[in-house]
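In: Test case, fold it:
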Amino acid sequence: MASTISAFNISTIAILIFFMPIHVTCKQKHEFVKEINKEALELRAEKLSHFRFFWHDIGTGMHPTSVTVVKPLPKFRNGFGFVNVIDNPVTIESELSSKLVARAQGCYASASQAELALLMIMNFVFVEGKYNGSTITLLGRNPVFHKVREMPVIGGSGLLRFARGYAQARTHSFNLKTGEATVEYNIYVMHY
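Out: Here you go, the predicted model:
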């Protein structure tokens, strides 16, 4: 028994000695994040901006801007499960022929079995004016038959870096046969 205990002690000591250098090297400080001061990023004073424009979802014709990539299961009468990918024009007025100010790029999916409510994942990519090349990112729930739908703004890029806020969507027109819609967006964004 004494030889078993001493052999056990010797092997335990050997294992501890073997792993000791690994334990010491694991204690090295590995920082993957550090606090920085805002002045280092040359951030301006934070401001609130209001964007108002019209989103056009076009699923028919020669150049559709909304394409169904996953069809709904037939057993769901409200279209639950469908997914559309979009590159929709965004104009200054409700007419599609009015001035193009952005593209709405992303996707939306029917995410409710109880009502027609969409999960919206969308970047408004500005193509005109001061914010040309900048984006606002929206991610949220859109119950399409509610008069006003509110969705969060979760970020932005370019002049809209660090954007946060909310969007209100109101249906301007909707074609029940084609599914095409024009939606007014009012977006309130805090940014630098």
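
In: Tell me the helix or strand right after the worst-scoring helix or strand of the chain on mean pLDDT.
Out: One helix or strand of the chain scores below all others by mean pLDDT, DSSP states H and E: helix 2-26, with a mean of 54. The helix or strand immediately downstream of helix 2-26 is strand 47-57, counting by DSSP states H and E.

In: which other helices and strands contact that following strand?
Out: Contact analysis of strand 47-57 by 3 or more CB pairs under 8 Å, 6 or more residues apart in numbering; DSSP states H and E lists strand 83-91, strand 100-110, strand 164-174, strand 181-191 as its packing neighbours. Where C-beta positions appear, they are placed from N, C-alpha and C, glycine not excepted.

In: Where does pLDDT dip in this structure?
Out: Applying pLDDT under 70 to the chain flags residues 1-30, 38, 40-42.

In: can we see that at 50?
Out: 23-25 (pLDDT under 50).

In: Report the beta-bridge partners for Leu138.
Out: Met122, Val153 (DSSP bridges).

In: Kindly provide the distance from the residue lying closest to Lys99 once chain neighbours are set aside to Ile36.
Out: With sequence-adjacent residues excluded and distances taken as CB to CB, 6 or more residues apart in numbering, Lys99 is closest to Ile92, at 4.5 Å. Relative to Ile36, Ile92 is positioned 38 Å away (CB to CB, to the nearest Å).

In: Gln113 now?
Out: 45 Å.

In: out of the two, which sits in the more crowded spot?
Out: Between Gln113 and Ile36, Gln113 has the larger neighbour count (other CB atoms under 10 Å), namely 11 against 8.

In: isn't the more buried one right next to Phe76, touching?
Out: Yes - Gln113 is within contact range of Phe76, at 6.5 Å (criterion: CB atoms under 8 Å).

In: still on that earlier bit, export the helices and strands packed on strand 47-57 to TSV and tack on distance to Phe51 and mean neighbour count?
Out: Output for those, formatted as TSV (distance: least, CB to CB, whole Å; neighbours: other CB atoms under 10 Å):
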stretch	distance to Phe51	mean neighbour count
strand 83-91	9	20
strand 100-110	9	20
strand 164-174	9	16
strand 181-191	4	19
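
In: Could I get those in a markdown table, plus columns for distance to Lys71?
Out: Formatted as a markdown table, the helices and strands packed on strand 47-57 follow (distance: least, CB to CB, whole Å):
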| stretch | distance to Lys71 |
| --- | --- |
| strand 83-91 | 9 |
| strand 100-110 | 11 |
| strand 164-174 | 20 |
| strand 181-191 | 19 |
